[in-house]
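Provided below are the primary sequence and the corresponding predicted coordinates.
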Amino acid sequence: MPIPHTDVMPEAEFDTPAVSRGIGQPPAVNLLAPVDELPESSSAPDLVCRRVRDELMLDGNARLNLATFVTTWMEPQARELMAETAEKNLADRAEYPQITAMEERCVRMLARLWHAPHPEQVRGCSTTGSSEAAMLGGLALKRRWQERRRAQGKDTARPNLVMGANVQVCWKKFANYFEVEPRYVPMEPGRYHLTADTLTAYCDDNTIGVVTVLGSTFDGSYEPVADICMALDGYQAATGTDIPVHVDGASGAMVAPFLDPELMWDFQLERVASINTSGHKYGHVFPGLGWALWRDAEALPDDLVFEVDYLGGSSPSFTLNFSRPGAHVVAQYYSFLRYGFEGLRNLASQSRTTARALAARIRTIAPYELITDGSELPAFAFRLAPGTQGFTVFDVSHAMRARGWHLPAYSFPAPCQDVSVLRLVVRTGFTAELAGMFIADLTEATRGLHTARPTPAAPRQPLVTA
């Protein structure tokens, strides 16, 4: 599906609060210094708008940000709908029943997309992003484990969660905030995510669940969810301990259903209790929107769901925050209706095709070698061949930044900290023309680094995982 016209829609003209007619343009000197305290008086809206817009020009170009998985392009019609609903609070369900209905329809669509045996029994909600959705999934795992332990007359003092060292930082936050011991299965040379043969050694009676990642932010690879579930089946047969699985599909859950229909990773696997995804990644919505779905009511304990009845009507709520914009749900509903299954498949296919073509071209540019090739998520990691002298991946990242590209460089966690890579994410809006310019710039930057005098390596940077 070709990308339609991408010019930004002009902002609608709305009434603005009246200000004193005596307000004039302040002296230029007052506008030179950055503002870090509240001004004493009002200013003309056009003047302030120009000042803010001018400052924002110093930010990077979002379309050239190859670090983020987050959507940086939407159709003008979707932007318009978001602007028209920006003031609507999703928490006020009685006042905005149609947005509530759209949210529920999106949950049903995702339940069917992810092969829920009984889509009408799936419990789900929108969130501010996958981080919140993941934490809600973790909370449900912890509460279910506590209930089982209490029913067995056992203590609930030492819950743990098993996951690969490649998980996104939201899972580290969950473990910290909600007092769950994180058990990270370390990487090994050539194995950079969780696999079935490595996880059961980290499981025991206190394990509340296993997190699998469908689309690692480190290299774009899928973890083998079906194999992991089979390993846990064997663990249950040997020990009697039933450990559920949560799938962190922040990116992959909106890619695999369209491009990898034969892949077993979702609610087709009975051990998968819950799934999260980001509507603001390959769901084609601007940040921030996430989705969390549970297989059925048993997977989401009732005591985690609150009935809110002081906004004009009673409605259930399971979120970490309360008020949030309804505009993102409207945009998700639009994108589902606008593209349908075929359109979403075409968009994902375009991104993957571009990613694989870029990976193939980069493989031919010395001294790079691929870690992954974009054949799962439309994202891949590559590094300098061992023994490369004179520059590092951090130098490459810096050189590309000078050309406007944000190409992140980072090192893998221990014990693979000696592996430093560059990662490239392809999203809708990254056209063939942009891909060609990127390859030309990377080739030129690499040539320049080859001929420049060696410089000290830049400090290692943390992984950008948005």
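Yes, it's here.

could you pull out the helices for this protein?
Using DSSP state H, the helices assigned to the chain run over residues 29-32, 45-56, 76-84, 97-113, 130-151, 169-177, 196-199, 225-239, 256-259, 327-363, 393-402, 432-451.

Quick one, which of those helices gets closest to V185.
V185 sits nearest to helix 196-199 of all the helices of the chain, at 5.1 Å, using C-beta to C-beta. Yep, even glycine has a C-beta here, placed from its N, CA and C like the rest.

Show me what the closest one is packed up against.
Identification of packing neighbours for helix 196-199 by 3 or more C-beta pairs under 8 Å, 6 or more residues apart in numbering; DSSP states H and E yields helix 225-239.

so who does C106 touch?
Contacts of C106 were listed using C-beta atoms under 8 Å, 6 or more residues apart in numbering, and they are S126, W291, V329, Q332, Y333, F336.

now do 7 Å
Counting by C-beta atoms under 7 Å, 6 or more residues apart in numbering, C106 makes contact with V329, Q332, Y333, F336.

Can you report how many residues lie near the closest residue to D441 other than its chain neighbours?
Of all residues beyond its chain neighbours, the one nearest D441 is R403 (4.6 Å), with distances taken as C-beta to C-beta, 6 or more residues apart in numbering. Here the count is done by other C-beta atoms under 10 Å, and R403 has 15 residues near it.

pretty sure R403 is in contact with A440, am I right?
No. Between R403 and A440 there is no contact under C-beta atoms under 7 Å: 9.5 Å.

M82: neighbouring residues, count only.
Summarising burial for M82: neighbours were counted as other C-beta under 10 Å, giving 20.

so how far is H280 from it?
For M82, the distance to H280 (C-beta to C-beta, to the nearest Å) stands at 12 Å.

Name the residues contacting each of those two.
Common neighbours of M82 and H280 are listed as F286 (criterion: C-beta under 7 Å, 6+ apart).

I'd assumed A292 was in contact with L136.
Yes. Here L136 lies in contact with A292, judged by C-beta under 7 Å, at a distance of 4.9 Å.

Of those two, which one has the most company?
Neighbour count, other C-beta under 10 Å: between L136 and A292, A292 has more, with 27 against 24.

Let me see the backbone angles for the residue nearest the centre of the chain.
Using C-alpha atoms, centre = their mean, the residue of the chain that lies closest to the mean C-alpha position is A250, 4.6 Å off. The phi/psi pair for A250 (degrees, to the nearest 10) reads phi -50, psi -40.

Distance check, it against T354.
Using C-beta to C-beta, one gets 20 Å for the distance from A250 to T354.

Kindly report the same for R63.
Here the distance between R63 and T354 works out to 13 Å (C-beta to C-beta).

The two: which is more packed in?
Taking other C-beta under 10 Å, R63 and T354 do not tie; T354 has more neighbours (19 against 15).

what sits against the more buried one?
T354 sits in contact with P378, V426, F430, A432, A435, where contact means C-beta under 7 Å, 6+ apart.

now, among the contacts of C106, which is nearest to F258?
Within these, proximity to F258 (C-beta to C-beta) peaks at F336, which comes in at 12.4 Å.

what's the burial count for the closest residue in space to that closest one that isn't next to it in sequence?
When the adjacent residues along the chain are set aside, F336 lies closest to M109, with 5.7 Å between them (C-beta to C-beta, 6+ apart). M109 sits with 17 neighbouring residues when counted by other C-beta under 10 Å.

for R150, same thing?
Number of residues near R150 (other C-beta under 10 Å) recorded here: 11.

and the gap between P413 and A134?
19 Å.

try P117
Following C-beta to C-beta, the distance that separates P117 from A134 is 23 Å.

what does stretch 177-187 contact?
Contacts to stretch 177-187, defined as C-beta under 7 Å, 6+ apart, come from residues 138-139, 142, 158-166, 172, 174-175, 194, 198-199, 202, 208, 412-413, 415-416.

redo that, cut-off 6 Å
Residues external to stretch 177-187 that are found in contact with it (C-beta atoms under 6 Å, 6 or more residues apart in numbering): 159-162, 164-165, 175, 194, 198-199, 202, 412, 416.

Output the residues you listed as TSV; include the columns pLDDT.
Shown next, in TSV, are those (pLDDT from 0 to 100):
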residue	pLDDT
P159	98
N160	98
L161	98
V162	98
G164	97
A165	96
A175	97
L194	97
T198	92
L199	94
Y202	98
F412	95
C416	94
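
Mind checking which of these land in strands?
N160, L161, V162, G164 (DSSP state E).

what about the nearest residue to the first one once chain neighbours are set aside, distance to L64?
Put plainly, it is N160. Nearest non-adjacent residue to N160, counting by C-beta to C-beta, 6+ apart: E181, 4.0 Å away. Distance from E181 to L64, counting by C-beta to C-beta: 40 Å.

Quick check: pLDDT value at M102.
pLDDT, the model's per-residue confidence, is 96 for M102.

right, I mislabeled it, should have said R324
Turning to R324, the model gives it a pLDDT of 83.

Would you mind confirming that it makes contact with K88?
No. In this structure, R324 is not within contact of K88 by C-beta atoms under 6 Å, at 10.2 Å.

Flag the shaky bits of this protein, pLDDT-wise.
Along the chain, the parts satisfying pLDDT under 70 run over 1-34, 306-317, 453-466.

neighbour-wise, which of P117 and A134 wins?
Neighbours around P117 and A134, counted as other C-beta under 10 Å, are more numerous at A134. The numbers are 26 against 12.

mind listing what that one touches?
A134 is in contact with C170, D248, N276, counting by C-beta under 6 Å, 6+ apart.

So which of those residues wins on neighbours?
When neighbours are counted by other C-beta under 10 Å, D248 leads the contacts of A134 with 30 neighbours.

pretty sure that one contacts V213?
Yes. With the criterion set as C-beta under 6 Å, D248 and V213 qualify as a contacting pair; they are 4.8 Å apart.

A253 versus the closest residue to D233 other than its chain neighbours, what's the distance?
Distances taken as C-beta to C-beta, 6+ apart place R271 nearest to D233, at 7.0 Å, with adjacent residues excluded. As defined by C-beta to C-beta, R271 lies at a distance of 16 Å from A253.

more neighbours, the two?
Of the pair R271 and A253, A253 is the one with more neighbours under other C-beta under 10 Å, namely 27 against 20.

List the contacts of the more buried one.
When contacts are counted by C-beta under 6 Å, 6+ apart, A253 is found next to L214, I275, T277.

try it again with 7 Å
Residues near A253 by C-beta under 7 Å, 6+ apart: W114, L214, V247, I275, T277.

For it, which non-adjacent residue is spatially closest?
If the residues on either side of it in the chain are set aside, A253 comes closest to T277, at 3.9 Å by C-beta to C-beta, 6+ apart.

Verify the contact between that neighbour and M254 for me.
Yes. With contacts defined as C-beta under 7 Å, T277 counts as touching M254 at a distance of 5.5 Å.

roughly how far is stretch 397-404 from the heart of the chain?
If you compare the mean C-alpha spot of stretch 397-404 with that of the full chain, they lie 24 Å apart, counting by C-alpha atoms, centre = their mean, to the nearest Å.

Other residues contacting it?
Counting by C-beta under 7 Å, 6+ apart, residues outside stretch 397-404 touching it are N61, L64, L407, P408, A409, L422, D441, L442, A445, G448, L449, A458.
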